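>>> fold the stuff below for me.
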Amino acid sequence: MSGHSKFANIKHKKAANDAAKGKIFTRLGREIAVAVKEGGADPANNSKLKDIIAKAKSNNMPNDTIERSIKKAAGDLGAVNYEFVSYEGYGPKGSAIIVEALTDNKNRTASNIRNAFTKGNGSIGTQGCVSFMFDEKGFILVDKEEYEGDADELMMVALDAGAEDMSEEEDCFEIYTAPDDFSSVREKLEEAGIPMAEAEVTMIPQTYVSLTDETDIKNFQRTMDLLDDDDDVQNVYHNVEE
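Model prediction:
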């Protein structure tokens, strides 16, 4: 759940998702419910819902499961009471961690997240204590194995669609957009037939921290595992170079 990462980590994340689809689908269902409550059940008139549907598909959520989630949310609006909360804190070696959650019980969520930091020998900080070390960006990842064109062709399509930048990695292309432009860029790439392995608005670290001490690595992974096990947690961003 580490926001921006290199392709090897994204492949690892997707493999982990396959082993725990129920957990991932529960989180996506919550995002769908909130989007439906805020903007209605028609993705044609609700760009946030449309983006979440695309995210759900990239996580291999079946179309009928997505449709059921939308219908359930539309028919049960009064019961949708999830609240967005975020936490910021520090992991080993001063590493920066941001946690985003959707919860119906803020006290429970705050306690669980604090516990995750504490057990990893980290600490929760005040709002804004580490978020200034990240840039919010739209992030689209194209797997080279799934894309038949070349880098120049993709760069031209992406920039024409309104993207800010594109970088080429060993196994993939990474496309970046301004947060407000993400939906339109993603839709234009979709219309152009560009396969997207990942597509979401994320927090990208300005600099990275490298953990070399074995205890630091174990503590950091302990925090990540506890956060991953928490159903309230939607996204975790950090600046640890994995």
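>>> leaving out sequence neighbours, find the closest residue to residue 223.
Once its chain neighbours are removed from consideration, residue 223 has its nearest residue in residue 120; the separation is 3.1 Å (Cβ to Cβ, 6 or more residues apart in numbering). Any C-beta I mention is one placed from the backbone N, CA and C, and that applies to glycine too.
>>> how many neighbours does that neighbour have?
Number of residues near residue 120 (other Cβ atoms under 10 Å) recorded here: 25.
>>> quick one, phi psi at it?
Backbone dihedrals for residue 120, given as degrees, to the nearest 10, come out at phi -100, psi 20.
>>> show me the domain layout of this structure.
The chain breaks down into these structural domains: 7-79, 83-132+207-238, 134-205 (assignment by automatic domain parsing).
>>> can you put those in TSV and add mean pLDDT?
Listed next are the domains of the chain as TSV, based on pLDDT from 0 to 100:
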stretch	mean pLDDT
domain 7-79	80
domain 83-132+207-238	95
domain 134-205	93
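>>> is it true that residue 208 touches residue 134?
No: the pair residue 208 and residue 134 fails to qualify as a contact (Cβ atoms under 8 Å) at a distance of 11.2 Å.
>>> any idea how far the longest helix anywhere in the chain is from the chain center?
In terms of residue count, the longest helix belonging to the chain (DSSP state H) is helix 21-39. In terms of Cα atoms, centre = their mean, to the nearest Å, the centre of helix 21-39 is found 13 Å from the chain centre.
>>> can you dump the C-alpha atoms of it in CSV for me?
Extracted as CSV, the C-alpha positions of helix 21-39 are listed here (Å, rounded to 0.1, in the frame of the first residue of the first chain):
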residue,chain,number,x,y,z
LYS,A,21,-8.7,-10.1,-2.3
GLY,A,22,-11.4,-9.9,0.4
LYS,A,23,-9.5,-7.3,2.3
ILE,A,24,-8.8,-5.2,-0.8
PHE,A,25,-12.3,-5.5,-2.1
THR,A,26,-13.7,-4.4,1.3
ARG,A,27,-11.5,-1.2,1.2
LEU,A,28,-12.5,-0.5,-2.4
GLY,A,29,-16.2,-1.0,-1.4
ARG,A,30,-15.8,1.7,1.2
GLU,A,31,-14.3,4.1,-1.3
ILE,A,32,-17.2,3.3,-3.7
ALA,A,33,-19.7,3.9,-1.0
VAL,A,34,-18.3,7.3,-0.1
ALA,A,35,-18.0,8.3,-3.7
VAL,A,36,-21.7,7.3,-4.4
LYS,A,37,-22.8,9.2,-1.3
GLU,A,38,-20.9,12.3,-2.4
GLY,A,39,-21.7,12.3,-6.1
